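> Please find the sequence and the predicted model below.
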Amino acid sequence: MAKGEGKHLYRRICALIFIAVATAMFMFVWVRFARSHNNTGYMMGKGNLGMALILYVVTFAFTGHALRAFSVGVERKAMIMASVVLTAFTTDAVEILISMAITGQFRYFDELLWRYILLFLVQSAVLGLIAIPMVDLYRKIFPPLQILEVYGDAKHGLHRRINGIRYKYHIAEMVHYSISEEDLKDRIEKYDAVVISDVPPEYKNKVLELCLDRDKRVYLAPQISDIIIRYSEELNVIDTPLFLCRNTGMTVTERIVKRIFDIVFSFIALIVTSPVFLITALAIKAEDRGPVFFRQERCTVGGRRFMILKFRSMIVDAEKDGRPHPVGEKDDRITKVGKVIRALRIDELPQLINILAGSMSLVGPRPERVEHVELYTAEIPEFAFRSKVKAGLTGYAQVYGKYNTSALDKLKLDLIYIMNYSFLLDLQILFDTVKILVQKESTEGFTEERISEIHDGRE
């Protein structure tokens, strides 16, 4: 069996275990409820039990697949655990309504709710603990891929970032694209995969062909044009393949649906999080008597400017010299309360007001400072493409990047979102936003070197 097939088989087995354990726990709770309210014998009928079982399995499997809960060996442990917990939460929430519909016992909603809350808590603990040995065993059975990197003239440190996922990848050798074709063939034979990074198009095609001939997997660091082409539409109107890039952005219907969702979600979220608003405001005020909110000019759709709202997490006048100062990894300007609310992302909550007002959306490119937009656009003219949609509280780059991800990589991630937009993608990003709360590196600050590069315009 090929290594790739073995990995897929292992993940399927893990998925079946997750589904079986979660379903068994659900059926235990459901049957006990049905027996205690089985006045007519209807609820304990084989048809109802079978329907409840099938619906739970299908819902859990579908949700788990969508949230990548079964991506054992692909995602980090914390992400797998968070995904499984979110899957259980979503499935249990759906099953509250399904259980009442099957039994017709809507008057028992309160009792069902508490039963499912307890079920969810127990499932979260059990499934989370199961995930740990699953991932450990995967890493023991399937060692990291040994990879050859073919790089160009630009310095990007891609190998350091890939090697940072040491349980999955290892850049064993790096060669410049000027290497001879014969030497490249010999090197490709030695490794499991090849990474192509920032090489001329004609050379990239050559490497792809060599890898295709040798059944070697290839990882590509895409150019902006690659991203645009990837989400093009295939046309078969003549005897030559054509790709159509519409480049029209969101449709009117998509914008209306997105705006309605923003209004409803932000309004409800403001009500639900109002106690957090109050506690945070009191804590900030009590620490140094300074203002509760921090306001700063940012850019949104079409380059329009607006004042973003955040809970103040730094000392008053943190940028009194008027120059932007990105937050460092160990920044002494962050207050004690600020450290807590930044770690928990509570400092971002006031942006729900920006969303309700229409300056921002729930999902979209992160609103950058005016100074940074001007700087990045001067270096990377395509950076302006991010303004094709409204800035967001969360987004593709926030979920799959880091706080200190470079401007070019942020642009590439945001372009993937813009070119591939759908309402379902927005929902996926919102779920993934919850998952990244367990990732410490997603809030990783700028190093001193990166801060200097930004100030000097060399990022």
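Received, thanks.
> So what touches stretch 51-63?
The set of residues external to stretch 51-63 that reach it, using CB atoms under 8 Å, 6 or more residues apart in numbering, is 15, 18-19, 22-23, 26-27, 30, 69, 87-88, 90-91, 94-95, 98-99, 102. Where C-beta positions appear, they are placed from N, C-alpha and C, glycine not excepted.
> Can I get it in PDB? Just the C-alpha atoms.
Extracted C-alpha coordinates of stretch 51-63, given in PDB (Å, rounded to 0.1, in the frame of the first residue of the first chain):
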ATOM      1  CA  MET A  51     -34.100   7.500  12.500                       C
ATOM      2  CA  ALA A  52     -32.400   9.200  15.400                       C
ATOM      3  CA  LEU A  53     -29.300   7.100  15.000                       C
ATOM      4  CA  ILE A  54     -29.000   7.700  11.200                       C
ATOM      5  CA  LEU A  55     -29.600  11.400  11.500                       C
ATOM      6  CA  TYR A  56     -27.000  11.800  14.200                       C
ATOM      7  CA  VAL A  57     -24.400   9.800  12.300                       C
ATOM      8  CA  VAL A  58     -25.000  11.700   9.100                       C
ATOM      9  CA  THR A  59     -25.000  15.100  10.800                       C
ATOM     10  CA  PHE A  60     -21.800  14.400  12.800                       C
ATOM     11  CA  ALA A  61     -20.100  13.000   9.700                       C
ATOM     12  CA  PHE A  62     -21.100  15.900   7.500                       C
ATOM     13  CA  THR A  63     -20.200  18.600  10.100                       C
END
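> Okay, buried residues for it please.
For stretch 51-63, burial by neighbour count (16 or more other CB atoms under 10 Å) applies to A52, L53, L55, Y56, V57, T59, F60, A61, T63.
> how close does the first one sit to T63?
Relative to T63, A52 is positioned 16 Å away (criterion: CB to CB, to the nearest Å).
> For R11, grab the count of nearby residues.
Neighbours of R11 under the rule other CB atoms under 10 Å: 17.
> correction: C211
Using other CB under 10 Å, C211 has 18 other residues around it.
> can you confirm it is in a helix?
Yes: counting by DSSP: H, G, I helix; E, B strand; the rest coil, C211 is part of a helix.
> In contact with it, which residues?
Residues in contact with C211, defined by CB under 8 Å, 6+ apart, are I188, V194, R217, V218.
> so where do the helices sit in the stretch 251-400 of the chain?
Using DSSP state H, counting those that start in this stretch, the helices assigned to the stretch 251-400 of the chain run over residues 252-272, 274-288, 336-343, 351-357, 370-379, 396-400.
> Could you tell me which ranges of the chain sit under the pLDDT cut-off?
Per-residue confidence for the chain (pLDDT under 70) gives these ranges: 1-3, 37-48, 99-109, 111, 319-330, 438-459.
> Domains in it, by residue range?
3-141, 145-221, 252-456 (automatic domain parsing).
> With distance to R230 as new columns, can these be given to me in a markdown table?
Formatted as a markdown table, the domains of the chain follow (distance: least, CB to CB, whole Å):
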| stretch | distance to R230 |
| --- | --- |
| domain 3-141 | 20 |
| domain 145-221 | 10 |
| domain 252-456 | 8 |
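> which one of the ones you listed lies closest to Y231?
The minimum distance between Y231 and the domains of the chain falls on domain 252-456, with 3.9 Å, by CB to CB.
> Relative to the whole chain's centre, how far out is the closest one?
Taking CA atoms, centre = their mean, to the nearest Å, one finds the center of domain 252-456 at 14 Å from the center of the full chain.
> Can you tell me which helices and strands whatever helix or strand F120 lives in packs against?
Remark: F120 resides in helix 109-141, with elements defined by DSSP states H and E. Packed against helix 109-141, as judged by 3 or more CB pairs under 8 Å, 6 or more residues apart in numbering; DSSP states H and E, are the following elements: helix 3-36, helix 77-103.
> Out of the ones you listed, which one sits most buried?
helix 77-103 (a mean of 21; mean count of other CB atoms under 10 Å).
> quick one: I315 and T335 touch, right?
Yes: with contacts counted by CB atoms under 8 Å, I315 reaches T335, the gap being 6.1 Å.
> More neighbours: which of those two?
Here I315 and T335 are set side by side on neighbour count (other CB under 10 Å), and the busier one is T335, at 21 against 15.
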